[in-house]
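1. sequence? don't have it. structure:
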């Protein structure tokens, strides 16, 4: 497992446990007591570390390489998944994965940004940074769902939209704008979940939902702490300070009434017990979906639009 | 500085109209051709360089002045929004930056919304002031666009938005990002009512502004040479580690790539907008639409001998376009 800087003491303890287990396997020595003592300490340390993660530490957790990604969630939550490809104009962009499937027996369209797990898949998915064709594909899939009255679930995990010459030439800005527009146009339920990093325009393109949720240690921001630091502080090393100032944690966003709920993560983050996260996500989405499917399509659209129309209006603290 | 200047001055500045105390003998250097231009001449020429035709950024009220009939319009008062919701502080407090920008521009925030007649037809214009924190979009800018859209619906008038913005206002964090969705809803409502929504992209239009309302126009017009794009050129250069192509993210480049309908020189902008609104609404604009003739530089020997050298900032007119100047 990959350990973050602030997890170093925990890593050492877990190393000891593994060593002891190895010893006991080979020598038949009974060290159960010692292991359980160490495990208690690990849990205690994890609990205290994760109870007061700073925004910068949360940023690290949100980007943790072992954290479950979009394809992991699709595998865990969706039966009969049928991936759909292409924007019908230029290309297939694997940074955006999506398709039809069944969520607890109900037809859904699931669309998400996938970062990739190892070098090969990271390259294939372009590190989760979509190009215009990716956003146009997402738009196409949402429109398809709308046509057949199928609820849409979006999963967001991206550093941002891809900044490149080709992306600009093909209208990155326009593609994102149309994607946001489509989110706000749907007459079917749209539930968006930020599972890791919600990076700026490339994230909101898929996240203008009826219900917007965040995992406990996910982040969602107008700009990365590094980018913000280099622009406003003229010093990239101030990323930690920028992370505090930007108010990018799930808890901050809930306070600002920008999101509708937080899905709790297991102790030590989603990557430590993925099954627990899948189950919590499944229950939360199911609860919201059951409420949303009862609302008429026109109402769904009107409420979604009104919600975003109010964001930043006076009266907010 | 004493307590009096500290406490009284900012308030007075807030209510003071922006100072136009430019001495008459001031010369300005064109950022493109480096020629010196007489300040008053530049103003008269709509801040287009009289030497090379470079379109410089324009103060927002000068912009409105050049668009409406008889240079007359009514500005609407905008609802106040939450000031500094995150209590953001970088090297300076956001609250202070706001006050400074207000003092510098005489505006409450980066967008002015005006309505009036254009060629006799009613129109609502929301225009950006780049000098106000880089025209960045926070809740107040979102509010201005929502108000402009609501006014267009109320008056059943076309909505013209003229961005000049670096993108989202970082100091408002996630709330500035949410303005992308908010402004999208606002302009969608105008379009769904069957009213024209026209965007005039001016230098610069980038980031979250481009990736929301600015790229959703029924018709997209760009001013010559404007920087228009999503990601900043520096970020792209760092990502791909290559030199960027010539003219990258400029209006003409965007037109070549199919992202805007036309590149229109500032002197023709008003006439073109009037023509467009008339066509979209099946109406004839009143006959008094006059293009402001561009002020030519003094004729040189070379001009007398042959044609003028091609101006790189003015695109070739395509054969479908009417004559550039409908002067009468």
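-> Received the coordinates, thanks. All values derive from a computational prediction rather than experimental measurement.

2. any idea how far the strand or helix carrying residue B:37 is from the chain center?
-> Using DSSP states H and E, residue B:37 sits within strand B:36-38. Distance, stretch centre to chain centre, for strand B:36-38: 22 Å (Cα atoms, centre = their mean, to the nearest Å).

3. who does that strand pair up with?
-> Using DSSP bridges, strand B:36-38 pairs in its sheet with strand B:27-29 (antiparallel).

4. list the buried residues of the partner strand.
-> residue B:28 (16 or more other Cβ atoms under 10 Å in any protein chain shown). For the C-beta atoms, the positions are set from N, CA and C on the backbone; glycine is no exception.

5. what lies in contact with that strand?
-> For strand B:27-29, the external contacting residues (Cβ atoms under 8 Å, 6 or more residues apart in numbering or on different chains) are B:35, B:36, B:37, B:38, B:39, B:42.

6. which SS state does whichever residue of the stretch 201-317 of chain A sits closest to chain B fall under?
-> Residue of the stretch 201-317 of chain A nearest chain B, by Cβ to the nearest Cβ: residue A:312 (3.1 Å). Three-state call for residue A:312 (DSSP: H, G, I helix; E, B strand; the rest coil): coil.

7. now do residue A:101
-> strand.

8. show me what contacts it?
-> Per Cβ under 8 Å, 6+ apart, neighbours of residue A:101: A:74, A:78, A:79, A:80, A:81, A:82, A:107, A:108, A:110.

9. number of residues surrounding residue A:311?
-> Using other Cβ atoms under 10 Å in any protein chain shown, the number of residues around residue A:311 comes to 22.

10. report the buried residues of the longest helix seen in chain B.
-> When chain B is scanned for its longest helix (criterion: DSSP state H), the result is helix B:173-192. For helix B:173-192, burial by neighbour count (16+ other Cβ under 10 Å) applies to B:173-191.

11. now rank the contacts of strand B:27-29 by neighbours and give me the top one.
-> Going by other Cβ under 10 Å, residue B:37 tops those with 24 neighbours.

12. does that one touch residue B:50 like I think?
-> Yes. Counting by Cβ atoms under 8 Å, residue B:37 does reach residue B:50; the two are 5.6 Å apart.

13. is it true that residue A:226 lies in a strand?
-> No. Using three-state DSSP, the secondary structure at residue A:226 is helix, not a strand.

14. state the pLDDT value of the closest residue to it other than its chain neighbours.
-> In this structure, residue A:226 finds its nearest non-sequential neighbour in residue A:239, 4.6 Å apart by Cβ to Cβ, 6 or more residues apart in numbering or on different chains. Here the pLDDT value assigned to residue A:239 is 94.

15. thinking again about what came up before, can you narrow the buried residues of helix B:173-192 to ones near chain A?
-> B:173-182, B:184-186, B:188 (Cβ under 8 Å from any Cβ of the partner chain).

16. contacting residues around stretch A:32-51?
-> Contacts of stretch A:32-51 (Cβ under 8 Å, 6+ apart): A:6-7, A:9-10, A:13-14, A:16-17, A:20-21, A:24, A:217, A:267-269.

17. in that stretch, what's buried?
-> A:35, A:38, A:42, A:45, A:46, A:49, A:50.

18. could you do stretch A:222-238 as well?
-> Buried, per 16+ other Cβ under 10 Å, within stretch A:222-238: A:222, A:223, A:224, A:225, A:226, A:227, A:228, A:229, A:230, A:232, A:233, A:238.
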